[in-house]
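K.L.:
build me a structure from this.
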Amino acid sequence: MKLYAITNIFLCFFVNAFAQSPASNVTIEFGSKNLTLDQPFLISVVIRDSESRPSILFPEIKDLEKRSKTATSSVSTVDGKKVVIQTITQEYYATKPGNYLIPEFNITVNATRLHSEETMIVFGKAQSAEALEDDSKVTVDAELESNKEDIFISVQTDKKTAYIREGFALRVSLYIAENAPVEMEFYRFNEQLQFILKKLRPANCWEENVGIEEIVKRRVQIRGRSYTEYNMYQARLFPFTTEHVNFPAVSLDMLVNDHEGAVNVENKVIRKFRSKPFSVFVKQLPDHPLRDQVAVGQYHLKEQLSGELVYPGESVRYVFKVEGTGNIKAIPAPIIQAGSSLDIYPPEVSQVIRRTYQSVAGEKAFDYFVVPKKDGKFILGRYFQWIYFNTADQAYDTLRSSKMLEVKGEDYQLANLSLNGSPGLYDNLESLDSTQESISYKQLLKDATNIIVVILLITMIWVFRR
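P.N.:
Residues are numbered from 1 along each chain as shown. Below is the predicted model of the structure:
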């Protein structure tokens, strides 16, 4: 009888402890399992309630090539509480059609070990040969095309000139020709990489990166010759001053099976490879009263209005959402043109940022409460405007609301509405008791669970003492 009681106590204790485990905030998710060769199979790790992005090593999968990685962060407010979701996604490509078995694997996230069961995915033929070719190509700059070495390290950017606050990509890679008559391996790679990045990271740039926890390799063509590219680092940089961004020469030591003139290390020699220095020239924006404040990139507007016909004093929600490519985190709020006809209250702000090796894109939404005070038709474009510098047109542009709010009814009178018992959304705020705390059912459930655990422990001690 005593053994039965002890067993039940332990089971209840561990069930309650597991229910409170933070592991439920981290999950593994798969993308589509029926794909074509020009589409990647996606494995994602979703982390909830964490603003920091952990380092994640995704598994190697037989017959699939690991390529780009994407990091997406979502920040929003739900019932007054900040909700943060981080999603880190790894792409896998197949080289030929067929069925591929994804074996079971484990991923460690912040000391939490996640397990995934095996699954089957199917790759069909690509929709077009051109799409497959385009996906396998890598853009190389003039420095790579002019380099005739069998082995070389390259620091390159996708732009040599950029506007202030305009993003450009930085890429650090080692290239080895497939027919190079030498064998080599990395030497103290992590230590060297940190030193390289310390030299390369400019002080006058905001950095957005996916994070590389491992060397990603792929085959590329340079001057018609096959190379293996070992990508060691890639980020998107946004200069916030007009000082030119200088990238000094950096070097990488490799262990080589070559015995000509170097320090001998375990019958191998250390050979140094050095990149070439260069600069990215930063241009100031054209003259404008808001030149030092506007966002820079390519954006468009999506908006929502909860109701287009309301009465005076009735509140409506208006969402001004800016989507596009650029430094999403730094997007400022729209310019609000104040008026006596509408009360516009400060917005709730949410954002989604998608970081890839090619770009930083996403959206930033400003959620307003608008309370009209009189009859009429109100074109919201007169009240909500967002000015930015369009890098595609190299000119300033303005996003304006296209919505119209129609208000019908008597003029808004606070006293009359109070007497009629239909106050506006923000009326009588001064009469509310701000000292009264709202009930948090989640917290109550957590407290109740902790009390149960304590009772179980006391019961277990009592059973043992008998």
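K.L.:
how many residues are close by Glu323?
P.N.:
Around Glu323 sit 16 other residues, with neighbours defined as other CB atoms under 10 Å. For every residue, glycine as well, the C-beta is placed using N, CA and C.
K.L.:
now it. Nearest residue, chain neighbours left out?
P.N.:
The spatially closest residue to Glu323, leaving aside those adjacent along the chain, is Glu363, at 4.3 Å (CB to CB, 6 or more residues apart in numbering).
K.L.:
same question, Asp343
P.N.:
Computed as CB to CB, 6+ apart, the closest residue to Asp343 that is not its neighbour in sequence is Val371, at 4.2 Å.
K.L.:
thinking again about what came up before, from memory the residue nearest to Glu323 sits against Val349, does it?
P.N.:
No: checked against CB atoms under 8 Å, the pair Glu363 and Val349 is beyond contact range at 11.3 Å.
K.L.:
what's the weakest-modelled helix or strand in this structure?
P.N.:
Least confident helix or strand of the chain, by mean pLDDT, DSSP states H and E, is helix 414-420 with a mean of 44.
K.L.:
more crowded one of Glu363 and Val349?
P.N.:
Neighbour tally, Glu363 and Val349, criterion other CB under 10 Å: the higher count belongs to Glu363, 19 against 14.
K.L.:
and that one, what does it touch?
P.N.:
Each residue near Glu363 by CB atoms under 8 Å, 6 or more residues apart in numbering is listed here: 302, 321-324, 328, 351-352.
K.L.:
can you flag the buried ones in these?
P.N.:
By neighbour count, with 16 or more other CB atoms under 10 Å, these hold 321-324, 328, 351-352 as buried.
K.L.:
among those, name the ones in strands.
P.N.:
By the criterion of DSSP state E, membership of the buried ones among the contacts of Glu363 in strands covers 321-324, 351-352.
K.L.:
dump those residues to TSV, plus pLDDT.
P.N.:
Shown next, in TSV, are those (pLDDT from 0 to 100):
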residue	pLDDT
Lys321	96
Val322	96
Glu323	95
Gly324	94
Gln351	93
Val352	93
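K.L.:
I'd guess Thr459 is in a strand, am I close?
P.N.:
No: with DSSP: H, G, I helix; E, B strand; the rest coil as the criterion, Thr459 is located in helix rather than a strand.
K.L.:
how near is it to Ile452?
P.N.:
Taking CB to CB, to the nearest Å as the measure, Thr459 and Ile452 are separated by 10 Å.
K.L.:
returning to what we had before: could you tell me whether the residue nearest to Glu323 really is in a strand?
P.N.:
Yes: secondary structure of Glu363, determined by three-state DSSP: located in a strand.
K.L.:
what lines up beside the one helix or strand Asp367 maps to in the sheet?
P.N.:
When elements are assigned from DSSP states H and E, Asp367 belongs to strand 360-372. Neighbouring strands of strand 360-372 in its sheet, by DSSP bridges, are strand 316-326 (antiparallel), strand 342-344 (antiparallel), strand 348-355 (antiparallel).
K.L.:
show me the contacts for Pro346.
P.N.:
Pro346 makes contacts with Tyr368, as judged by CB under 8 Å, 6+ apart.
K.L.:
now Phe195, what's its secondary structure?
P.N.:
The three-state label given to Phe195 by three-state DSSP is helix.
K.L.:
per-residue pLDDT, the residue nearest the centre of the chain?
P.N.:
For the chain, Thr72 is the residue whose C-alpha lies nearest the centre (CA atoms, centre = their mean; 2.6 Å). Looking at Thr72, its pLDDT reads 89.
K.L.:
what's downstream of the helix or strand it falls within, the next helix or strand?
P.N.:
Take DSSP H and E as the rule and Thr72 turns out to sit in strand 64-78. Counting by DSSP H and E, the next helix or strand C-terminal to strand 64-78 is strand 81-94.
K.L.:
just the CA trace of that next one, in CSV.
P.N.:
Included here for strand 81-94 are C-alpha records, laid out as CSV according to Å, rounded to 0.1, in the frame of the first residue of the first chain:
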residue,chain,number,x,y,z
LYS,A,81,1.2,41.7,-22.9
LYS,A,82,4.3,41.7,-25.1
VAL,A,83,4.5,38.5,-27.2
VAL,A,84,7.8,37.5,-28.9
ILE,A,85,8.2,34.6,-31.3
GLN,A,86,11.6,33.7,-32.9
THR,A,87,11.6,31.3,-35.9
ILE,A,88,14.9,30.0,-37.3
THR,A,89,14.6,28.0,-40.5
GLN,A,90,17.1,25.9,-42.4
GLU,A,91,16.7,25.1,-46.1
TYR,A,92,17.5,21.7,-47.7
TYR,A,93,17.6,21.0,-51.4
ALA,A,94,17.6,17.7,-53.3
